[in-house]
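**Student:** have a look at this prediction, sequence included:
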Amino acid sequence: MKSNHRSIVIFIVITVLIDTAGVGIILPVLPKLLTNMSHADMGTAARYGGWLTFVYALMQFVFAPVLGNLSDAYGRRPVLLCSLLGFSLDYIFLAFAPSFFWFFIGRTISGITGASYVVGSTYMADISSGEERTKNFGWLNAAMGIGFILGPAIGGLLAQFGLHAPFIAAAALSSLNLILGYFVLPESLALENRRPFDWKKANPLGAIKYLRNFKGAAVLIASLLFLSFASHSMETIWTFFTTEKFHWRSSLTGLSLACMGGLFIVVQGWLVGFSLKALKEKGTAYVGLFFTFLAYLSFALTPWQWGLFAALVIFAIGTIGETALQGILSNSAPANEQGELQGSFSCLKGLVTIIAPLAFANIFATFSHQGQGNYFPGMPFLLAAATVLISLLLFIKADQKYSPEDDPRVENKEEISSSV
C-alpha cells in the first residue's frame, strides 16, 4: 500500500479538483440560464435552483449508503469510476437540456452515482490515520479551492460563446477524469479489509442505525450535520445574493469564487497543518467553527462590496473547523468500516441537503422582493450563522463526553488520543 500511497493521493486530489472545476464552470451562468428558461425573476430562479439541488440530495440520501457498502465489499476503484461516469452524464444532460425536465434527469443520475469527494475521503482514510488523515482531508479541500479558481474563470470566459458552453466544458473535464482514472487509479482497500455486501446496512435506515454504534459520537455527528446545513447557504444563494444586492455581473461573481478558491488553497494546504501542530484537532475545530460563524454574520450584515471579500477571508479560515471534524469522525471507525462510515454519514448529509437548499432558496425569495417591508436578501446567511452557532455548542458537548478511545472497535487508539 505504501508504494501506491503517493499515486492515490495525487489522483484523488486531481479528481476532486476537476469535479469542483466542473461545478465552478457553470456557477456564473446558472442564474441567468434559469431566469431565461423560466422567464421569471431572480427569486423564482433561486427556487428552481433549490429544487435541482433537492433532487440531487434525495438521490444521495437513498443511494449513498449503497455505494459506501459496495466500496467496502468490492473496493473503492469501481465505485469512484461509476461516480465519475455519473458526473459526465449529468453535465451532458445539462449542456443540451431543452427544458427543466432534462435538468432534473441529469441531477438524478449524478445523485445516484454519488459525489467523488465522498469516495475520495474513503480512499484517504484507507491509506492514512490520525492527524495524517486529517491533513489528507485538507489536501482534498485545497483541491476544491483550486477548482473554484479554475472553474469560474473558465466559465466566465466560455459564457461569451453561449450559456450552454460552460456545461459542455464541464462534461469534457469529467469525461477526461473518468478516462484518466480508468488507466491510472489503483485500488486502496486490501482484500483482508473487505466484507460482504449487506442490504440491511445499504439503505438509509440501516445507515442511521449503523452510526448509532459509535458510543457517544451522535453529538459529534449532529455538530457536523448542522455545519453542513449552513454550508449550503453559499452554494445555493451566493450567485443570486450578489446579483440581487450588489448587482454583480457574472465576471465579478466568478472573480469572487476564484478568490474563495485561492484562499482555500492557502488555508487547506498550509494553515490546516500548522493549526493541527499548534492546536491539535480539537482546538482547530473550535477556531474554525468560530470563524465560520463570524463569516456568515458578516455576509448577512455588510453593506459594502469590499466587506464581502473581507468576509470571504474569514470564511476560508473557518474551513479548518470542518476539516478537523472530518478527521475526528473518520478516526472513530476501524479500517474495514470506512466505506460504510462515509456512506452512512453521506446519507445523513444527503438528508440535510434535501432540506437546506430549499430552505435557503425560499428564505431568499421571501426576503428579496424590493419595495416590501421585509426586504433583506442577507437573511439566509443570518440563518446560516445561527446554525453554525448550534454546531459549535454541540461540539462543546461532544468534546466533554466522547472519545474514540472508549470504542472497543477502533484501532490505533494511541494515534488519536491527542485528537479529541
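**Tutor:** Sure thing, it's come through. Residues are numbered from 1 along each chain as shown.
**Student:** where does the stretch 1-150 of the chain have low pLDDT?
**Tutor:** The stretch 1-150 of the chain contains residues with pLDDT under 70 at 1-5, 23-24, 27-28, 38, 40, 42-43, 114-118, 130-131, 145, 148-149.
**Student:** all strands of it, in order?
**Tutor:** Remark: strands of the stretch 1-150 of the chain are absent; assignment by DSSP state E, counting those that start in this stretch.
**Student:** buried stuff in the helix ranked longest in the chain?
**Tutor:** In the chain, taking DSSP state H as the definition, the longest helix is helix 42-74. By 16 or more other C-beta atoms under 10 Å, the buried positions in helix 42-74 come out as 42-43, 45-73. Every residue, glycine included, has its C-beta placed from N, CA and C.
**Student:** and residue 151, how far from residue 171?
**Tutor:** According to C-beta to C-beta, to the nearest Å, residue 151 stands 13 Å off from residue 171.
**Student:** mind jotting down where the helices sit in the stretch 101-250 of the chain?
**Tutor:** With helices called from DSSP state H, counting those that start in this stretch, the stretch 101-250 of the chain shows them at 116-127, 130-158, 165-184, 204-211, 218-246, 250-266.
**Student:** just name the most buried of the ones you listed.
**Tutor:** Mean neighbours per residue, mean count of other C-beta atoms under 10 Å, is largest over those for helix 116-127, with a mean of 25.
**Student:** could you give the number of residues near residue 327?
**Tutor:** 31 (other C-beta atoms under 10 Å).
**Student:** before we move on, what about the one 4 residues further on?
**Tutor:** The number of residues packed around residue 331, counting by other C-beta under 10 Å, is 24.
**Student:** what does residue 104 give?
**Tutor:** Neighbour count for residue 104, taken as other C-beta under 10 Å: 17.
**Student:** next, show the common contact partners of residue 151 and residue 171.
**Tutor:** When contacts are counted by C-beta atoms under 8 Å, 6 or more residues apart in numbering, the set common to residue 151 and residue 171 consists of residue 22.
**Student:** on that earlier part again, of the helices of the stretch 101-250 of the chain, which is nearest residue 331?
**Tutor:** helix 130-158 (6.6 Å; C-beta to C-beta).
**Student:** counting by contacts, list what that closest one packs against.
**Tutor:** helix 2-26, helix 116-127, helix 165-184, helix 250-266, helix 272-301, helix 305-330, helix 413-416 (3 or more C-beta pairs under 8 Å, 6 or more residues apart in numbering; DSSP states H and E).
**Student:** what's the angle from that helix to helix 165-184?
**Tutor:** Angle between the axes of helix 130-158 and helix 165-184 is 140 degrees (criterion: axes from the mean of the first three to the mean of the last three C-alpha atoms, to 10 degrees).
**Student:** give me the angle between helix 130-158 and helix 250-266.
**Tutor:** Orientation of helix 130-158 against helix 250-266 (the same axes, to 10 degrees) gives an angle of 160 degrees.
**Student:** how far out from the middle of the chain is helix 130-158?
**Tutor:** Between the centre of helix 130-158 and the centre of its chain there are 11 Å (C-alpha atoms, centre = their mean, to the nearest Å).
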